[in-house]
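In: Sequence and predicted structure are below.
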Amino acid sequence: MNKPTWGIIATWRMAFDGIAAASQQLQCEVNAEAAVVQAIKMVEDYPFYKSVGFGGLPNEKGIVELDAAFMHGTTMAIGAVASVRDIANPILLAQRLSQERFNSFMVGEGAIEWAIANGFEQKNMLTERAKQHYAKKYRETISQGLSPYSGHDTVGIAAVDLQGDICVGTSTSGLFMKRPGRVGDSPVSGSGYYADSDIGAATATGLGEDLMKGCISYEIVRRMGEGMSPQQAAQSTVNDLEARLLKRYGRAGDLSVVCISKDGEFGAATNIENFSFSVATAAHEPAIYVCTCDNGETTYERASQEWLDAYQARITAPIV
Ligand code: GLY
């Protein structure tokens, strides 16, 4: 049997503070479930991350609709919500639903009613800043008959704990300017996330409509189970899905993934520039990496101070 280890990995720089906090907890035997949920909650609560939780960008009617999911890779329990409005922390709702034998994936009004009845915090999730983003996007796209859809950043976090449990969670406001009721990959098992404590876990970010066509997270975990390293599994799955989409569907959206094995090894792959991820393991201090994608090969390096400063300036800059 392998020596117990711990590790946690997340899509994007936005999860770094949560990853750093979780790394302290995981080494003190806090479980992967708590680590994942707390780290995602931190992202949901931060108003300047415009694709998750409070401050997330609204749909085409100016309403913030949130999706989230949680999976426990030992019990295979899954909880998920989609199109929920004005609930402060969708990840807490998803985690709670993962404890239900039935009705564990809920959407829209039913999910909201259940959340309120069960005491989940209600909050207006539409910030002034998100309204300004909406007005700008409307001016620059819809009012001119252009498509408003562009890149999107979901937070997905996977963790391995010292007890050998592996968990994964996601949270997102989904595609900016989506149609009311549109749901992407993030709450969909196998697409936005998957975890199996005998193997590892994976989670995705990018265009949900395309990520779902390849059940990308399940496929990465399956390939790890067949013996691929996390990096090989992530890269080959992204490349194969992109190639199939281009060949059969004629186009491919943004596909970015991170994954971690039960041994705490991790991988990341993308078909875009500037995908970042945050990671910490027993063998690796908390760090942010920025990916480069070249000819089907993802490489990554530590984010420079310049990159980090530019990121912070960008997410807090006035919207003009
Ligand atoms: N990947 C998030 C979404 O498409 O909604």
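Out: Looks like it came in fine.

In: Dump the least confident helix or strand in the chain by mean pLDDT to PDB, restricted to CA.
Out: Least confident helix or strand, the chain: helix 128-140 with a mean of 92, by mean pLDDT, DSSP states H and E. What follows is helix 128-140 as a C-alpha-only set of coordinates in PDB (Å, rounded to 0.1, in the frame of the first residue of the first chain):
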ATOM      1  CA  GLU A 128     -22.800  46.800  -9.100                       C
ATOM      2  CA  ARG A 129     -19.600  45.800 -10.800                       C
ATOM      3  CA  ALA A 130     -21.300  42.800 -12.500                       C
ATOM      4  CA  LYS A 131     -24.100  45.200 -13.700                       C
ATOM      5  CA  GLN A 132     -21.400  47.400 -15.200                       C
ATOM      6  CA  HIS A 133     -19.900  44.400 -17.000                       C
ATOM      7  CA  TYR A 134     -23.300  43.500 -18.300                       C
ATOM      8  CA  ALA A 135     -24.000  47.000 -19.600                       C
ATOM      9  CA  LYS A 136     -20.600  47.100 -21.300                       C
ATOM     10  CA  LYS A 137     -21.100  43.700 -22.900                       C
ATOM     11  CA  TYR A 138     -24.600  44.600 -24.000                       C
ATOM     12  CA  ARG A 139     -23.300  47.800 -25.700                       C
ATOM     13  CA  GLU A 140     -20.400  46.000 -27.400                       C
END
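
In: What is the neighbour count of the closest residue to the ligand within the stretch 1-150 of the chain?
Out: The ligand sits closest to residue 67 of the stretch 1-150 of the chain, with a gap of 6.3 Å, by C-beta to the nearest ligand atom. Where you see a C-beta, it was placed from the backbone N, CA and C, and this is true even at glycine. Using other C-beta atoms under 10 Å, residue 67 is surrounded by 29 other residues.

In: how near is it to residue 306?
Out: 33 Å (C-beta to C-beta, to the nearest Å).

In: residues of the lengthiest strand in the chain that come out buried?
Out: As assigned by DSSP state E, the longest strand anywhere in the chain is strand 284-294. Within strand 284-294, the residues scored as buried using 16 or more other C-beta atoms under 10 Å are 286, 287, 288, 289, 290, 291, 293.

In: Not counting its neighbours along the chain, what's nearest the last one?
Out: Once flanking residues are discounted, residue 293 sits nearest to residue 270: 5.2 Å by C-beta to C-beta, 6 or more residues apart in numbering.

In: my read: the one you found touches residue 298, true?
Out: Yes - counting by C-beta atoms under 8 Å, residue 270 touches residue 298, with 5.5 Å between them.

In: Mind checking which of those two has more residues around it?
Out: Neighbours per residue, other C-beta under 10 Å: of residue 270 and residue 298, the larger number sits with residue 270, 26 against 22.

In: May I have the distance across stretch 143-151, first residue to last?
Out: End-to-end distance for stretch 143-151, by C-alpha to C-alpha, to the nearest Å: 20 Å.

In: quick thing: my sequence starts at 16, can you match it?
Out: Sure thing, new numbering starts at 16, so read that last one as stretch 158-166.

In: Nearest spatial neighbour of whatever residue of the stretch 66-215 of the chain ends up closest to the ligand, chain-adjacent residues omitted?
Out: Residue nearest to the ligand within the stretch 66-215 of the chain: residue 199 (2.3 Å; C-beta to the nearest ligand atom). Leaving aside its sequence neighbours, residue 199 sits nearest to residue 223 (C-beta to C-beta, 6+ apart; 2.3 Å).

In: How about the residues of the stretch 166-315 of the chain by the ligand?
Out: Counting by C-beta under 6 Å from any ligand atom, the positions of the stretch 166-315 of the chain adjacent to the ligand are 167, 169, 187, 189, 190, 199, 200, 201, 220, 221, 222, 223.

In: got a list of what the closest residue to the third one other than its chain neighbours touches?
Out: Closest residue in space to residue 187, ignoring its immediate chain neighbours: residue 169 at 3.9 Å, by C-beta to C-beta, 6+ apart. Counting by C-beta atoms under 8 Å, 6 or more residues apart in numbering, residue 169 makes contact with 26, 66-67, 185-187, 199-201, 207, 219-221.

In: Quick check: residue 56 touching residue 109?
Out: No - using C-beta under 8 Å, residue 56 is not in contact with residue 109; the gap is 11.0 Å.

In: State the number of residues packed around the residue nearest to residue 199.
Out: If you count neighbours by other C-beta under 10 Å, residue 223 ends up with 27.

In: Residue 116 too?
Out: Other residues within reach of residue 116 by the criterion other C-beta under 10 Å amount to 6.

In: now residue 44
Out: Residues lying near residue 44 (other C-beta under 10 Å) number 11.

In: hang on, the earlier thing: give the residues shared as contacts by residue 285 and residue 313.
Out: Contacts common to residue 285 and residue 313, judged by C-beta under 8 Å, 6+ apart, are 253, 306.

In: ok, back up a step: just give me the least confident of the residues of the stretch 166-315 of the chain next to the ligand.
Out: Lowest pLDDT within these is found at residue 167 (74).
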